[in-house]
Each structure stands twice: as C-alpha cells, then as structure tokens.
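Q: Structure for this input, please:
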Amino acid sequence: MSAVAYVYPEYFAPHQGLIVPFLSLIMLGMGVTLSVNSFLAVLKKPSVVILGTLMQYTLMPLAAWIVCTVLKLPPDLAIGVIVLGCCPGGTASNVISYLAKADVALSIVLTSVSTLLAFLATPFLTWIFIGQTVEVDVTGMLVSVVNMVIVPVVLGLAINHFFEKQISTVKEVFPAISAAAIVIIIAIIIGTNSANLEQSGPLILLAVILHNGLGLAGGYWFSKALKLSEIEARTIAIEVGMQNSGLSVALAIKHFTATAALPGAIFSIWHNLSGALLAGHWSKQSPQAADNNERRWKKVKQKN
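A: Modelled structure (predicted):
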C-alpha cells in the first residue's frame, strides 16, 4: 500500500485526520490483549523491567541524537528522528520476541510499562533533545499522548478485565486490525510526503537503519554487560530497538510538520524487517544453549 501511496499520493494525502483515530484504535487493541496479571508480572522481575525501561528511554533518544548529528539531518527530519527515539516500545516487539525465542511475558510487560510512562517521558525527552532549537509544546504533547495512548490502553484493559469471556473470540481479531491500521497510517504519511521522499528517501532510510541498529545492538550488549541472561538480553534488545512508530508519526504531524512524520513511517516498515531477520538468526539457537556456550567460553578464557 505504501508503494501505491507513493505513486498516487492524491488518494492518501487528504486523510491525515485518520492518523490519530487509527493510532488510538491500535492502542485500544493493545489494551484489550493485556490483563492485570501482565502488570503483576513486574513484581517477579522488577530489576529487569526497570533496566529495560531505562534503556528504552535513554539509549533510543541518545541514539537518535547521535544519528541526527552525524548525518547532519535537515531540521524537520531531525525532529522526526528525535521524536521517534523518545517514544515507547512498539507492540510488534511482542511478536518478534516470540519468534526469537525471547521472553514474551517480559516483552509484554516492558511494552506496557514504557507505554504508560510515555505521557511524561516522551514530551520531556523531546524537549531535552530539541527544545533548545525548536519550540516544543510539552504540555500539548503530554495531553496528546494521554488521549492517543493512555486512555485507549486503559479502556482496553478495563474491557478485557470486566468482559473477558464476552470478547474472547473478538480479541483474536485485534492484531489484524492493528496491523491494517498501521499500514494505512504509513500510506497516508508516504502519500503526504511523496515529493520529499524523492529528495530525502535514501537519507531517511539510512537514519532509520542506524537508529534501529544502535537500539538493537545497544539493548543486547548493555544487557550482557550487566550479566543478564541470554533470554533477557534478547528481549530487551528487541524492546529497545523497536519503537512505537505510530505514536511518533501522530505526534510529529500534530505538533511539528508532515515531513517530521516521515522517519516514523519508514521506521514502521524497517523495524519489522530487521526484527524478523534478527529473530530468524536467534531462533536457530535456544537462549539456554547460548548461555551454556558463553559459560564455556569464559572458562576457556580463564584457563588461558
């Protein structure tokens, strides 16, 4: 659909008003798939959850700033990359964690916690990184995140809690609805920026690849340096490297410019590809086997 939007932008560009409602629908779907027990799981691994959340809101904004500085991105594109870096983890990370033989329960908790903290973290971090050069409406962004993310997620959580039996069959449809919604959001942004893509497409793609790569690698190797297990390191890497790009698109187009929404739209496509490739690599070896190999290697190094 993105290719169609690029060739025929006139059919997609006029529908920017659908971006926020569609994002809210995605977040509602996320809430419906959650339960109170999902959050109680935090009590089982509080240190890992805290660490993963801290990495989400430190590594990705910092990586975004580094990419923008090194590539000397134009202001609008730099804003988009920074906003993307300041967003919480994306729901696609849960699927990738499953494919990568990571900890799906931990992934869901990390996504949920970072999402619920986004109403404070995302506006504040955006202001820290670009507030000195661009006017950032922190209060407006905070209200937007609450309306687009927190309210739908909490509403979905409440629906699942009180009407779990009634919606049991409907819940299976929500992932497909969310996938369709994000595809439409991306198409609208591509259509809106078809002219900009001709000029800046390769640069945006390079920025997105570097940003995503730094998040995946940083999340994994920092976790290993802190002596977390292989399954925890995989989970945190995926969670840190895969952003809620839909939220970044909605915030960029609402509070900045349509061009600023482009990095988030491209990221939506790229992080699913890179995540699937990484999951394919990791799925060839179980986390337990990787931990055993690492212990053997350490023993060999100690002997030498």
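Q: For the residue lying closest to Ala118 once chain neighbours are set aside, list the residues it contacts.
A: Spatial nearest neighbour of Ala118, chain neighbours left out: Pro88 (4.4 Å); criterion: CB to CB, 6 or more residues apart in numbering. Where C-beta positions appear, they are placed from N, C-alpha and C, glycine not excepted. By CB atoms under 8 Å, 6 or more residues apart in numbering, the contact list for Pro88 reads 56, 111, 114-115, 117-118, 121-122, 149, 243-244, 247.
Q: Report the separation between Pro88 and Pro74.
A: Using CB to CB, to the nearest Å, one gets 26 Å for the distance from Pro88 to Pro74.
Q: so what's Leu117 up against?
A: So Leu117 contacts 53, 57, 88 (CB under 8 Å, 6+ apart).
Q: Pick the one among those residues closest to Gly156.
A: Pro88 (15.6 Å; CB to CB).
Q: tell me the phi and psi of Lys224?
A: Main-chain torsions, Lys224, degrees, to the nearest 10: phi -70, psi -40.
Q: Excluding chain neighbours, give the residue nearest to it in space.
A: Nearest non-adjacent residue to Lys224, counting by CB to CB, 6+ apart: Ala233, 5.1 Å away.
Q: Can you give me the neighbour number for the one you found?
A: Using other CB atoms under 10 Å, Ala233 has 23 neighbouring residues.
Q: and it, what helix or strand is that in?
A: For Ala233, the host element (DSSP states H and E) is helix 230-241.
Q: in the sheet, who's paired with the spatially most central residue of the chain?
A: Centroid-nearest residue in the chain: Gln243, 1.4 Å away (criterion: CA atoms, centre = their mean). Counting by DSSP bridges, Gln243 forms beta bridges with Gly89.
Q: My guess is it contacts Val83. True?
A: No - look at Gln243 against Val83 with CB atoms under 8 Å: they stay out of range, at 9.8 Å.
Q: what touches both of the two?
A: Residues touching both Gln243 and Val83 (CB under 8 Å, 6+ apart) are Gly264.
Q: Tell me where the model's unsure across the stretch 151-300 of the chain.
A: Counting by pLDDT under 70, the stretch 151-300 of the chain contains low-confidence ranges at 175, 193, 195-198, 287, 289-300.
Q: residue ranges for the strands of it, please.
A: Taking DSSP state E, counting those that start in this stretch as the criterion, the stretch 151-300 of the chain carries no strands.
Q: returning to that earlier point: give the other helices and strands that the helix holding Ala233 contacts.
A: Here helix 230-241 touches helix 46-56, helix 59-71, helix 92-99, helix 104-130, helix 194-225, helix 262-282, helix 287-303, going by 3 or more CB pairs under 8 Å, 6 or more residues apart in numbering; DSSP states H and E.
Q: Could you check how far that helix is from the centre of its chain?
A: 13 Å (CA atoms, centre = their mean, to the nearest Å).
Q: Repeat that for stretch 145-165.
A: 19 Å.
Q: List the buried residues of it.
A: Neighbour-count burial for stretch 145-165 flags 145, 148-154, 156-157, 159-160 (criterion: 16 or more other CB atoms under 10 Å).
Q: Same check on stretch 116-129?
A: Neighbour-count burial for stretch 116-129 flags 116-119, 121-127, 129 (criterion: 16+ other CB under 10 Å).
Q: what does stretch 62-82 give?
A: Within stretch 62-82, the residues that count as buried by 16+ other CB under 10 Å are 62-65, 67-68, 71, 73, 76-82.
Q: Can you pick out the most distant pair from those residues?
A: Pairwise distances across the buried residues of stretch 62-82 peak at 20.6 Å for Leu62 and Asp76 (criterion: CB to CB).
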